[in-house]
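K.L.:
Model the structure of this input:
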Amino acid sequence: MAPVIAIIGALEKEVRQIYAAVEKGTVADEAGLTVVGGDYHGFTVVATTAGMGTVNAAAAAQHLISAHGANAIIFSGIAGGLNPALHVGDVVIGERLRYLDTDTALVAESAPELEEFASADFLVDLAEETLRAHGYVDAALSDEGSEVEAAQARAEADASLWRRNNPGTEPQQYLRGIIATGDRFVSGADAKAAAVSATQADCVEMEGAAIAHVAAKNGIDCLVLRAISDNCDESYDALSSREFDLEEYAQSASGLVLSIVRRLAAQLGIEPRD
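P.N.:
Numbering: from 1, shown residues only. Got it, this is the predicted structure:
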């Protein structure tokens, strides 16, 4: 039986590209969700739009695990940037995920008894490899790396197919970092500063920690990936009005997810099915 990968987004635009990519697709209405299933590079993929917020995300994740036997979950989408080194269009790989507005000590009294959560190490590594292959540069090198390392990273990025097709632009960045998750949309200098103070996160959104939490409870792997859509400096209504931009950032995130799945299939030696 082929491994099952669940792919979830909060918004339909964040998973539309996934829906289009699967083969022999099925569509079912289940547990308040529309679940699209199919084959992709030897994996069985089940994908859905969860809706925004931790409850929606957790419910969707648990359903895809319980009803479809998901072995791993990938969650992708957009987020507000908190780290000043990151810019709109950059990507955060959620090495660690922290709740923003939750008493985590009380949450940790129940299994899996954790106050913060994590993406699987091998999936984080795979995401980093994929981003580098797409011409992204590690944002951490600007702060922590030597000039030689930074120059090598830039040369590697410029040599990628993605950069050769866009030679006149600066490469986008990625960061293996911390993602904060809360049930309120973070906007404005005060809310942004409070989020950084509480979590030391690089970006903020409304679902990732809940996805990683449910994955940990079920003992399966997960990966949370976020493309920066704004710097927490505009209201949700204002952000939503930039529909074209949001589509672009969401497609970047979902396109990277598909590349990660293809790379994972090659790494595991999984063959596409007839």
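K.L.:
tell me which strands and helices the helix of greatest length in the chain is in contact with?
P.N.:
Criterion DSSP state H: the longest helix present in the chain is helix 243-268. Using 3 or more C-beta pairs under 8 Å, 6 or more residues apart in numbering; DSSP states H and E, the elements in contact with helix 243-268 are strand 4-9, helix 16-21, strand 43-49, strand 72-81, strand 91-99, helix 121-133, strand 221-230. (C-beta placed from N, C-alpha, C; glycine too.)
K.L.:
Identify whichever of these lies nearest to residue 266.
P.N.:
Across the helices and strands packed on helix 243-268, residue 266 has its closest neighbour in helix 121-133 (10.3 Å, C-beta to C-beta).
K.L.:
now that closest one against strand 221-230, angle please.
P.N.:
40 degrees (axes from the mean of the first three to the mean of the last three C-alpha atoms, to 10 degrees).
K.L.:
any idea how far helix 121-133 is from the chain center?
P.N.:
Its chain's average C-alpha position is 12 Å from that of helix 121-133, according to C-alpha atoms, centre = their mean, to the nearest Å.
K.L.:
Can you spell out which helices and strands pack onto that helix?
P.N.:
Partner elements for helix 121-133 (3+ C-beta pairs under 8 Å, 6+ apart): strand 91-99, strand 173-181, strand 221-230, helix 243-268.
K.L.:
Quick one: these as CSV, columns for mean pLDDT, distance to residue 207 and mean neighbour count too.
P.N.:
Putting those into CSV (pLDDT from 0 to 100; distance: least, C-beta to C-beta, whole Å; neighbours: other C-beta atoms under 10 Å) gives the following:
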stretch, mean pLDDT, distance to residue 207, mean neighbour count
strand 91-99, 98, 10, 25
strand 173-181, 97, 6, 24
strand 221-230, 94, 8, 26
helix 243-268, 84, 13, 18
